[in-house]
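J.: fold the following, please.
(3 chains)
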Amino acid sequence: MLEIKDLTCGYDKRFHLDGINLAIKEGGFFGIIGPNGSGKTTLLRAITRVLKPEKGEILLDGKDIWRMDFKELARTIAVVSQNVSTDDLNVKEFVLLSRIPHYRGLQFLETKRDEEIADNAMILTDSIRFKDRSMSEISGGERQLVLIARALAQEPKFLLLDEPTSHLDITHQVRVLDLLKKLNRELSLTVIIVMHDLNLASEYCDRLALLSGGTIYKEGIPKDVLDYRTIEEVYKTVVVVEKNPVSLKPYILLISGEERQRRRKK
Amino acid sequence: MSKATIRWTAQILILIGMLLAIAALSLCLGSTTLSIRKAIDVIFIRPGATEYNILFQIRLPRIILGLAIGGALSLAGVILQGLFRNPLVEPYTMGISGGAALGVSLAIVLKLCRSMGLLTLPFAGFVGSGIVIMLIYFINIRRRALKIQGLLLTGVMISFISSSLIMLVMAVSRAEDLHGIVFWIMGSLEEPSWFLIKLMLFVSLAGLVLSYIFWKDLNALRLGEEEAAHLGINTERVKRMLFILASLLTGCAVSVGGIIGFVGLIVPHLVRMFIGSDHRILLVGSFLCGAGFLISCDTLARIIVAPSELPVGVITGILGGTFFIYALTRRGKQVA
Amino acid sequence: MRKIRILLPVFFATIILWRVFSYDACASQSLPKRIVSLAPSMTEELYLLGAEDSLIANTTYCVTPPAAGAKEKIGDITRINLEKIVSLKPDLVLATSLTNSKAIQKLKNLGIEVMIFPAPKNYAYLCDQFLGLGKAVGKEAQAKAIIAESKERVVAIKAETVGLAKPKVFIEIGAKPLFTANKDYFINDFVELAGGVNIAQDAKVGTYSREEVLRKNADVIIIVMMGTAVEKEKEVWQKFKDLNAVRANRIYVIDSRKVCSPTPVTFVETLNEIVSLLHPELSRGKQ
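T.: You can find the predicted model right below:
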């Protein structure tokens, strides 16, 4: 379980988190949503130990992450970031890098086990077919799958993803999220995902935390968080919330300025 | 044994073979050329003859120093390019060579030459480079975090400042001192003190061994500092240690051999192009390749305009630069 | 006991004889027979001393006298080929302060004797060095004779200029930046002994300001350089119409080779030339 207690941290007044309290249970599929500048990425950075908190603490299964050994933390949390520079690596090499936290002492070469785990991760993410290709040659969607494979191969308990679907077409958006859902169900991997797209968040996440101005505005199941009044308050834009006809989950509809004018005239 | 391991072992063996061949060739070539058979004959049968002297007292120390300095500079290049993820970084961009050159110029002009005998100038060079390393380090350490881009900028600026200061020293020095300074700056593998040669060899090999402590960290850093941290790397500590290691290697190399550029820039790129970027092979591969490269350049410097001799830095620049451009266009691959 | 009484004297006798013979051997080896010269001035001086037969190699710059040009070459003044030198098996190498000190150390490590002749600060130094060289090659008597003659002629030349007004001289040895010789430089002696005053003699460093030359209003400018830079410099000076040297048209050029590698003999020749330049009022019959 990941507990965030009274967390206050940030770069300057703009990207600052204030008094964040959150508890994410193991096995959950948790979404962090909010407008630009609300602190989503800052929160992610705090959890991955990149940003030091001014106040408060973050506990993983009861242990303060700042007191954990670097490698131990890496074996527990795996991160899928947005921008990873991979220059001339090929897919297999890239995925194998994830085994670094698992290397013992003077181990110099990958063990058979390391290779198997990497291959398994690529099979699970359906990326095994381009394992010998260069990272710069594969498409955006394929790349996302490989990034997830790498995180998987780290054998973590928690998987953190920073906007994994923002730049993908709908095919790949669904593919990636379906995969994550599958991993969450079958491997009991706790998934914490920072999302832009409210509808995808609603469709896939068990629980959501809506951030606004550096604090948690609302937390709970999608039906409770994605209420039209809440969204209009936080996002400062007019929306209509319906139910997705297939999954019955909340579905947010945007209204263009023109339409709003037209309605008002009526 | 995985495929990669077999490939790497083969590559290392080939590089070692090439290095030995280059060393043997260097031993035989010069203003008086000896055939291999004659060389063996002289080594094992008649010590004391002039040929023996030429071989061992003149050529062999140069070969050993070439190995040590070529290896050290290439290693420093690999480490720095891994830290900065910038393909144009080489040991000399960091300003360390400027500091060493300034130290030596001051020592020559202030007539400190006799205080430690032969070791004065290398020592002055080392002190000079040490001061620069500390300056760069302390200017860029903020809240216990080492800002990598800041290191690069500071290094380049210090390079410029050192050059200007050296010109100032040259302007006020006497003709003889001026010669001494220029000579030193031109870089040379000619070193009469066996102590220094052995010391440099030791530093070089020790550096190689120590660098392997960080192979995982360097591999992870290829993804960027933040990603490397996600993989469990203690990036602050690693950055600090690697910076110091690379600086020491460079400082020593420059103090003993003067300014020999391009080796630290070109060799890592070449090895990456032809062998790969995994630091497990890159570190030792660059070391061996750099050693062979510098020895070859020195041999060429000795024979190309015999009986005169060109400064080795001229050859490393021309040969290295040309070959590099050629390799770039042939491969068409992106560099680093 | 008897054995010892015989053995002991035999033992000592052996030692004494050995010392005697080895001393003799040393004595006959004390004169170098295979000399390598690393500078033109050394080469010329060896010829002056009559020791040219011991000279086995010199630099590419050693062309005076012409016979020297035909000897084996081991590089130029600053870059020498160690291997070549060693393969010639010299017993004495003559170096200057321009020779790479590491190379000198290397030669010494290989057991070759090296004599270093730093650039002489003035005429007196030059003569001392010449004497030192003479002693080293076993031509002390010749050296002394040549020095004596040289000194005589210098004294005579000095005498010529006694009582004459001393022109203010600016010695230009470098153009960009403007470089001159203060009293620590050899060239200063030429001016002083020729009855002139070097305006930069007390300068702290070699780089000099053109303004200063104008302020001191040099009467004579002597350019000691080679090549195209010389003509350019003359043009530059011509712009300063109020400078004494320009008004009197006394900007002279001297070949730097004559000035920079002097022997006691060439020193006198050059001194003569400079006296003619500084004191045209002496109508001298000789050159």
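
J.: which residue does chain B have closest to chain A?
T.: Scanning chain B for proximity to chain A using CB to the nearest CB identifies residue B:232 as nearest, at 3.0 Å. Glycine gets a C-beta too; all of them are placed from N, C-alpha and C.

J.: can you tell me the closest non-neighbouring residue to that residue?
T.: residue A:74 (3.0 Å; CB to CB, 6 or more residues apart in numbering or on different chains).

J.: also residue B:151?
T.: Per CB to CB, 6+ apart, closest to residue B:151 is residue B:140, 5.1 Å.

J.: and the pLDDT for that neighbour?
T.: Residue-level confidence at residue B:140 comes out at 83, pLDDT.

J.: check contacts around it.
T.: Residue B:140 sits next to B:146-147, B:150-151, B:154 when contact means CB atoms under 8 Å, 6 or more residues apart in numbering or on different chains.

J.: which one of these is nearest chain C?
T.: residue B:154 (30.1 Å).

J.: just checking, the closest one touches residue B:138?
T.: No - at 9.9 Å, residue B:154 does not count as touching residue B:138 under the criterion of CB atoms under 8 Å.

J.: which of the two has more neighbours?
T.: residue B:154 (20 against 9; other CB atoms under 10 Å in any protein chain shown).

J.: SS state for residue B:127?
T.: On the three-state scheme (DSSP: H, G, I helix; E, B strand; the rest coil), residue B:127 is labelled helix.

J.: who does the strand or helix carrying residue A:30 touch, helix- and strand-wise?
T.: Per DSSP states H and E: residue A:30 is located in strand A:29-33. Helices and strands touching strand A:29-33, by 3 or more CB pairs under 8 Å, 6 or more residues apart in numbering or on different chains; DSSP states H and E, are helix A:40-47, helix A:170-186, strand A:190-194, helix A:198-204, strand A:207-212.

J.: among those, which is nearest residue A:91?
T.: helix A:170-186 (16.2 Å; CB to CB).

J.: could you list the buried residues of that closest one?
T.: A:172-173, A:175-177, A:179-181, A:183-184 (16 or more other CB atoms under 10 Å in any protein chain shown).

J.: just the strands in the chain please.
T.: Answering for chain A, as no chain was given. A:2-10, A:16-24, A:29-33, A:55-60, A:63-64, A:77-80, A:158-162, A:190-194, A:207-212, A:215-220, A:239-243, A:250-254 (DSSP state E).

J.: nope, chain C
T.: According to DSSP E, the strands that chain C contains are C:35-37, C:55-58, C:72-73, C:92-96, C:114-117, C:168-172, C:197-198, C:220-223, C:251-253.

J.: give me whichever of these is most buried.
T.: strand C:35-37 (a mean of 27; mean count of other CB atoms under 10 Å in any protein chain shown).

J.: count the neighbours of the closest residue to residue C:225 other than its chain neighbours for me.
T.: Excluding the flanking residues, the one nearest residue C:225 by CB to CB, 6+ apart is residue C:256, at 5.9 Å. For residue C:256, the count of nearby residues is 16 (other CB under 10 Å).

J.: ok, residue C:256 touching residue C:227?
T.: No - contact criterion CB under 8 Å: residue C:256 and residue C:227 do not qualify, at 9.6 Å.

J.: flag the shaky bits of chain A, pLDDT-wise.
T.: A:12-15 (pLDDT under 70).

J.: nearest to chain C within it, name that residue for me.
T.: residue A:108 (41.1 Å).

J.: confirm that the residue of chain B closest to chain A sits in a helix.
T.: No - counting by three-state DSSP, residue B:232 is not found in a helix; it is coil.

J.: quick one: the helix or strand harbouring residue B:240 to chain centroid distance?
T.: Residue B:240 is located in helix B:235-257, with elements delineated by DSSP H and E. Distance, stretch centre to chain centre, for helix B:235-257: 11 Å (CA atoms, centre = their mean, to the nearest Å).

J.: close to chain C, is it?
T.: No - for helix B:235-257, no contact with chain C is found by CB under 8 Å from any CB of the partner chain; the gap never falls below 10.8 Å.

J.: related to what we said a few turns ago, least confident pick among the contacts of residue B:140?
T.: Among the contacts of residue B:140, residue B:146 has the weakest pLDDT, 73.

J.: show me what that one bridges to in the sheet.
T.: residue B:141 (DSSP bridges).

J.: looking at the stretch 101-250 of chain C, which residue is nearest chain B?
T.: residue C:105 (3.8 Å).

J.: I figured that residue was touching residue B:192, is that so?
T.: Yes - counting by CB under 8 Å, residue B:192 is a contact partner of residue C:105 at 3.8 Å.

J.: higher neighbour count, those two?
T.: residue B:192 (20 against 17).

J.: and stretch C:217-237, which residues are buried?
T.: Buried, per 16+ other CB under 10 Å, within stretch C:217-237: C:218-225, C:230, C:233, C:237.

J.: same deal with stretch B:209-221?
T.: B:211, B:214-221.

J.: any idea how far residue A:252 is from residue A:35?
T.: 13 Å (CB to CB, to the nearest Å).

J.: contacts only, for the closest residue to chain A within the stretch 1-150 of chain C.
T.: Closest contact between the stretch 1-150 of chain C and chain A, by CB to the nearest CB, is at residue C:102 (41.1 Å). Each residue near residue C:102 by CB under 8 Å, 6+ apart is listed here: B:188, B:190-192.

J.: and the residues you listed, which are buried?
T.: B:188, B:190-192.

J.: sorry, back to before: and the residue nearest to residue B:232, what does it touch?
T.: A:100-101, A:154, A:156, B:230-232 are the contacts of residue A:74 under CB under 8 Å, 6+ apart.

J.: who wins on neighbours among those residues?
T.: residue B:230 (27 neighbours).

J.: pLDDT score assigned to it?
T.: Residue B:230 is given a pLDDT of 93.

J.: with mean pLDDT and distance to chain B added, can I get the strands of chain C in TSV?
T.: Conversion of the strands of chain C to TSV gives the following (pLDDT from 0 to 100; distance: least, CB to the nearest CB, whole Å):
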stretch	mean pLDDT	distance to chain B
strand C:35-37	92	12
strand C:55-58	89	10
strand C:72-73	86	6
strand C:92-96	91	9
strand C:114-117	91	11
strand C:168-172	91	14
strand C:197-198	92	16
strand C:220-223	90	17
strand C:251-253	89	20
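
J.: closest one to residue A:263 among those strands?
T.: Closest among those, using CB to CB: strand C:168-172, at 92.1 Å.

J.: packing partners for that closest one?
T.: helix C:186-193, strand C:197-198, helix C:210-216, strand C:220-223.

J.: is there a neighbour count for residue 148? I'd like the number.
T.: Let's take chain A. With other CB under 10 Å as criterion, residue A:148 counts 24.

J.: you answered for a different chain; I wanted chain C.
T.: For residue C:148, using other CB under 10 Å, the count is 12.

J.: same question for residue B:172.
T.: There are 13 residues near residue B:172, going by other CB under 10 Å.

J.: list the contacts for it?
T.: B:109, C:204-207.

J.: sketch out the low-pLDDT regions of the stretch 1-150 of chain C for me.
T.: C:1-29.

J.: mind listing the helices for it?
T.: In the stretch 1-150 of chain C, the helices defined using DSSP state H, counting those that start in this stretch lie at C:2-29, C:40-49, C:66-69, C:82-87, C:101-109, C:123-136, C:140-161.

J.: tell me the span between the first and last residue of stretch A:229-245.
T.: 21 Å (CA to CA, to the nearest Å).
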